[in-house]
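Q: sequence first, then the predicted structure:
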Amino acid sequence: MKKILSIAISFVIAFSGSAMALDYGAEWNGYEDNNAQQYSDVAPTHWAYDAINRATAVNWFSGYPDKSFRPNQSITREEAMKVIVTFLGLDLKQTTTSSYFDVDKTRWSSPFIEAGKLLFPEITTYNGQKPFQPEMPIKREDVMYALVIAKKYNNEIQFVDQSVLNMFKDQNSISSSLKPYVALAVNIGLVSGHANGTIGAQDPLTRAEFATMLYRATYIGDGTGGGLEAVATVESVTLGLPLVSELTVGDTLTITANAVMSDGTTVDYSSNLNPYNSSNNNVVLMNRNQITAVSEGTAVIKFNADDKLSDKSLVINVKPAIVSEPAEENNNNNNGNEDENEEVNEEENNYEEERESDAALVSFSWSVDELSLNKGDTARVKLIGTYSDGSQKDLTDEYTFRTSDDSVVTVDSNGIVKAVGVGSAKITYSASGITSVNAAAPLKVTVAAADNNDIVSARWSVNKVEIGVGETAEVKLLGVFSDGSTVDITEECSPFIDDESIAVFENGRIKGIAKGKTDLWFESLPNAHLVLPDLLTVTVE
């Protein structure tokens, strides 16, 4: 299994001095290799030997007091920002406020983060606060993005041939918004992928890999774009609907939006919207940026995972559907025509509402055989009564309903079913006192996890693990939705133990092997830019 050295180990990259004005395209003077081995863990035969020595010579990196470089050690986002800001020679930014809620203005890395904040793809969280995640490992794809911008390939992005990504068997792991940048990084020679045929876009970048990217960047010519200065960011977002909209039950409305960018251009922002019904009622059904009115009432629509929309909301007033009245008889004595028998009966979902008053109720049935939903979805079911004359009637309003598991689905008196958790449950109805009537079997409802793009953060099921040798403990990695509910994403994220001589992780359980401390981490995520948990510390005693 792939090993990633623990980022929980306390360390600081030993940088020399403050940011320097470096000409990163110039020849590198004042350093000769002479086949001298500078670091105890980087032999002349090491694949990144030249890159590491050069990165050291121009003060992008330095070694550790024990004469090691630690080439396979991952580098945190704040450390990576210091390296690349130094590499580019950017002026440091001393500000009175921080652009990120998790980076205090007094933090050592704050001036570097403010100077290079446009270099890393933004991460947004559901409550509108913008994180930087300074202590998390930097991903390979994020540094590819940063160097493509730094080398002024902005203009080439829209024309890049992405077919080069087909050579990587894990190309689907690349964040969709970053695929053009990764493809361009491959095309211009910044990266070439791993020997096993993967690009490792979500993998933590190691110190040796970072030094190699910078080394290659010094020999790659600039593109025709404007570099960091040309990176446009979203300044404001305008919704394409009035603040209050009127719908009728059954109507569907699509929310649109436009964004004004920092370069003054306007772009369609509709595909980025992630609205939800904050009033937590069953008035509307949400499907991305489409709203369907399902019952009378008022819903308030707000937006997840976007600080540009945190102060905006839409009010949707839903009116009941208009039901046509029976046509009046036409008594026109002048022409002698009388249509005494003409009636117009409105039918709902093909169920005949009109029946003879003396017909007896003989059976119940549901309007659907089975219900399959995604978490967060709502649907309406009906309880249908069939009478001795063959007529049918919607009896939903006349009975009460309950579910076998309220943590999976809830159901109200109108038959509105809401999927609140993952699993299966059954819906039954109250028919006390009714005999000699064929009852409907419980209605099975199956709820699957919502789209992974709706997961906003991840967390461990426990804060730490302390076990003895030979003991086991259950641990899950949970995806957290915007409403605070969770889903188990352990299997798809492939957690692994950093040091398997101390503990192993298998089938959702950690087993202690030998005394010591190690960490649990994971290889992939269902959504590339989630708010991530810390490494899970495992202590075996």
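A: Here it is on my side, so go on. Residues are numbered from 1 along each chain as shown.
Q: count the residues that sit near residue 269.
A: 22 (other Cβ atoms under 10 Å). (Each C-beta comes from the backbone N, C-alpha and C, glycine too.)
Q: name the SS class of residue 163, please.
A: At residue 163 the chain is in helix, as set by DSSP: H, G, I helix; E, B strand; the rest coil.
Q: what count of nearby residues applies to it?
A: Neighbour tally, residue 163, other Cβ under 10 Å: 8.
Q: residues near residue 165, how many?
A: 19.
Q: let me see the contact set for it.
A: Residue 165 sits next to 171, 174, 179, 182, 183, 186, 199 when contact means Cβ atoms under 8 Å, 6 or more residues apart in numbering.
Q: out of those, which sit inside helices?
A: Those of these mapping onto helices are 179, 182, 183, 186, per DSSP state H.
Q: closest to residue 318 out of the residues you listed?
A: residue 179 (39.8 Å; Cβ to Cβ).
Q: farthest-separated two in the ones in helices among the contacts of residue 165?
A: So for those, where distance means Cβ to Cβ, the most widely separated pair is 179 and 186, at 10.7 Å.
Q: those two: who's more crowded?
A: residue 186 (21 against 17).
Q: list the contacts of the closest residue in space to the more buried one that isn't next to it in sequence.
A: Among residues not flanking residue 186 along the chain, residue 164 sits closest, at 5.1 Å (Cβ to Cβ, 6 or more residues apart in numbering). Applying Cβ under 8 Å, 6+ apart, we find residue 164 in contact with 183, 186, 187.
Q: the second one touches residue 192, doesn't it?
A: Yes - in this structure, residue 186 sits in contact with residue 192. The criterion is Cβ atoms under 8 Å, and the distance is 7.0 Å.
Q: buried residues, stretch 249-258. List them.
A: 249, 251, 253, 255, 257 (16 or more other Cβ atoms under 10 Å).
Q: looking at the residues you listed, which is nearest residue 396?
A: residue 249 (14.7 Å).
Q: in space, what's closest to the closest one - neighbours in sequence excluded?
A: Per Cβ to Cβ, 6+ apart, closest to residue 249 is residue 321, 4.4 Å.
Q: same thing with residue 364?
A: Among residues not flanking residue 364 along the chain, residue 440 sits closest, at 4.1 Å (Cβ to Cβ, 6+ apart).
Q: what strand or helix carries the one you found?
A: Per DSSP states H and E, residue 440 falls between elements, in no helix or strand.
Q: that one - how many residues pack around it?
A: Quick note: residue 440 (other Cβ under 10 Å) scores 17 neighbours.
Q: please renumber the chain so that the first residue is 293 from this point on.
A: That works, and once the first residue is 293, the last one we named lands at residue 732.
Q: wait, doesn't it sit right on residue 675?
A: Yes - between residue 732 and residue 675 there is a contact under Cβ under 8 Å: 7.1 Å.
Q: now do the shared contacts for these two.
A: Once Cβ under 8 Å, 6+ apart is applied, the residues that residue 732 and residue 675 both contact turn out to be 656, 657, 658, 721.
Q: of the residues you listed, just say which sits nearest to residue 502.
A: residue 658 (59.4 Å).
Q: how about the contacts made by that closest one?
A: By Cβ under 8 Å, 6+ apart, the neighbours of residue 658 are 673, 674, 675, 676, 732, 735.
Q: as JSON lines, those residues with pLDDT and distance to residue 814 would be great.
A: Converted to JSON lines, the contacts of residue 658 look like this (pLDDT from 0 to 100; distance: Cβ to Cβ, whole Å):
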{"residue": "673", "pLDDT": "87", "distance to residue 814": "38"}
{"residue": "674", "pLDDT": "88", "distance to residue 814": "44"}
{"residue": "675", "pLDDT": "88", "distance to residue 814": "45"}
{"residue": "676", "pLDDT": "88", "distance to residue 814": "48"}
{"residue": "732", "pLDDT": "83", "distance to residue 814": "45"}
{"residue": "735", "pLDDT": "90", "distance to residue 814": "37"}
